[in-house]
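Give me a 3D structure for the following:
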Amino acid sequence: MKKVLAIVISAVALMAGCGGGGDGTSAVEPTGAASRSAAAKSPGGAGQDAPRPLRFEGETLDGGAFDGTSLAGKPVVFWFWAPWCPKCLAEGPDVAKAAGKYKGSVSFVGIGGLEKDKGRLRDFVSRTGTGSLTHLDDRTGRLYSHFKVTSQSSFVFMAPDGATSNASGPLGESELNRHVGKLLG
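Numbers count the residues shown, from 1 in each chain. As a prediction, the model looks like this:
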C-alpha cells in the first residue's frame, strides 16, 4: 500500500505544474565516457554503438516510427514539454528560433508528454510555432522516465559523444544559444 501511495503522490506532483525552479539542477544524470563504456551494448542490431540515452524507440506526433539511435554521433537538444505548461508555451517560439538557427548542425527533438489527448499535443506545436521540429508523442511518460526527467519544461543537451547535461526551463533564446554553443564546442 505504501508503494502504491508513493507512486500516486509522485505522479500527482509531476502533473501538478510545470515543476523545476529554473536553477539548472539536474534531473538527468550526466553521461560520460566511463559510463558509456560500461553500458550494455545491444546485441548485433542497429544502434549497438549508440549511447544508452539514445536507445529508445518512439512515435512522432504524425504517427511515424522514430528510432533514437538515428541521432547517434550528432549534437541533440531534447525539449520535454506538456501542452498545459505555461513555461513550455512561453519558450516555444525561442526553441523554434534556436532550432532554425542551428538547423543542419544540431537536432532538436520535442517530447510532448503527460497528456491523454494527442490533439492537445498537436495544438501546442501549432501554437508555439515549433512544427519544424521532430516531436515525439509521450502521452504515457515512458520517454520522460527513460531520460529521468521529472518536470517540464526540461532540456537534455547531448553532445556527439553522448555526454549529457540538462536545464530546467523556461529557457530564452540567449540561454538556449549558450547551451547549444557548449554542445558545438
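
residues of stretch 64-75 that come out buried?
Neighbour-count burial for stretch 64-75 flags 66, 68-69, 71-72, 75 (criterion: 16 or more other CB atoms under 10 Å). Every C-beta, even on glycine, is put in place using the N, C-alpha and C of the backbone.

distance between the ends of stretch 71-84?
Chord length of stretch 71-84, first to last residue, is 28 Å (CA to CA, to the nearest Å).

Mind listing residues that contact stretch 173-182?
The contact list for stretch 173-182 (CB atoms under 8 Å, 6 or more residues apart in numbering) reads 75, 77, 94-95, 97-98, 101-102, 106, 155, 157, 165, 167, 171.

Run the chain-centre distance for it.
Offset of stretch 173-182 from its chain centre (CA atoms, centre = their mean, to the nearest Å): 16 Å.

Can you tell me which of the buried residues of stretch 64-75 end up in strands?
F66 (DSSP state E).

Just send the buried residues of stretch 64-75 back as JSON lines, with distance to A82 too.
Below are these laid out as JSON lines (distance: CB to CB, whole Å):
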{"residue": "F66", "distance to A82": "19"}
{"residue": "G68", "distance to A82": "20"}
{"residue": "T69", "distance to A82": "26"}
{"residue": "L71", "distance to A82": "22"}
{"residue": "A72", "distance to A82": "27"}
{"residue": "P75", "distance to A82": "25"}
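
Looking at the buried residues of stretch 64-75, spot the one nearest L183.
Nearest to L183 among those is P75, at 4.1 Å by CB to CB.

can you tell me which helix in this protein is longest?
As assigned by DSSP state H, the longest helix anywhere in the chain is helix 86-101.

What is the subsequent helix or strand relative to that helix?
Note on helix 86-101: by DSSP states H and E, the next helix or strand toward the C-terminus is strand 107-113.

which parts of that next one are buried?
By neighbour count on 16+ other CB under 10 Å, the buried set for strand 107-113 is 107-113.

Run through the residues that contact the one residue sitting closest to the centre of the chain.
Nearest to the mean C-alpha position of the chain, by CA atoms, centre = their mean, lies F78 at 3.3 Å. Shown in contact with F78 (CB under 8 Å, 6+ apart): 109, 111, 147, 155-158.

ok, so what distance separates it from V106?
11 Å (CB to CB, to the nearest Å).

Likewise for D67?
Plainly put, D67 is 18 Å away from V106 if you go by CB to CB.

Kindly report the same for E57.
Distance, E57 to V106, using CB to CB: 22 Å.

which one of these two has more residues nearby?
Shown here are E57 and V106; by other CB atoms under 10 Å, V106 has more neighbours (19 against 13).

How about that one: what's its closest non-neighbour residue?
Of all residues not flanking V106 in the chain, P75 sits nearest, at 4.6 Å (CB to CB, 6 or more residues apart in numbering).
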